[in-house]
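Here is a sequence with its predicted model. Questions after.
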Amino acid sequence: NVIGELPDFDIVVDGVTNEVRLEDIGVIPTIVHYNSPDFANMKIYPYSMYTPELANSHGLPYAIPQGTYTNFGWDVVNEIIDTAIPKEFQKLDK
């Protein structure tokens, strides 16, 4: 639950037929960040605003009960995103 997604798409309405369609469909990865095992200073960052320094200071490895990731960092963030979100839907710059 540390890495999430925010849907991002355009709703387009054809002015002649009134047909509605979705375009530019994708997701913005989000990271729930906290500084310590007691979830202090919890914030949600879009991927584009998250940094390797923040990832390395994440409280996740110290949270009790111990979760899946006993080590957490920038590589883990990117691995989770690449595993969970197909490349064509990743919007990493938003």
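Everything's here; your move. Everything numeric in this text was worked out from a predicted model, so none of it was measured.

Please count neighbours and contacts with C-alpha atoms only from this point.
Fine.

Can you name the residues in contact with stretch 12-31?
2-11, 44-47, 50, 81, 88-92, 94 (Cα atoms under 8 Å, 6 or more residues apart in numbering).

Please enumerate the helices of the protein.
Secondary structure of the chain by DSSP state H: the helices cover 52-56, 74-84.

okay if I get those as JSON lines plus mean pLDDT, distance to residue 32 and mean neighbour count?
Listed next are the helices of the chain as JSON lines, based on pLDDT from 0 to 100; distance: least, Cα to Cα, whole Å; neighbours: other Cα atoms under 10 Å:
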{"stretch": "helix 52-56", "mean pLDDT": "95", "distance to residue 32": "10", "mean neighbour count": "15"}
{"stretch": "helix 74-84", "mean pLDDT": "95", "distance to residue 32": "11", "mean neighbour count": "14"}
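
Turn those into TSV, columns for distance to residue 27.
Shown next, in TSV, are the helices of the chain (distance: least, Cα to Cα, whole Å):
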stretch	distance to residue 27
helix 52-56	20
helix 74-84	10
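
Quick one: closest of those helices to residue 36.
Residue 36 sits nearest to helix 52-56 of all the helices of the chain, at 11.7 Å, using Cα to Cα.

helices and strands around the closest one, which ones?
helix 74-84 (3 or more Cα pairs under 8 Å, 6 or more residues apart in numbering; DSSP states H and E).

what's next to the helix it packs on, contact-wise?
3, 29, 51-52, 55-56.

Please spell out the segments of this structure that come in under the pLDDT threshold.
Applying pLDDT under 70 to the chain picks out residues 63-69.

again, 90 this time
For the chain, applying pLDDT under 90 flags the ranges 1, 35-41, 57-72.

Strands along that one, start to end?
3-13, 20-33, 43-46 (DSSP state E).
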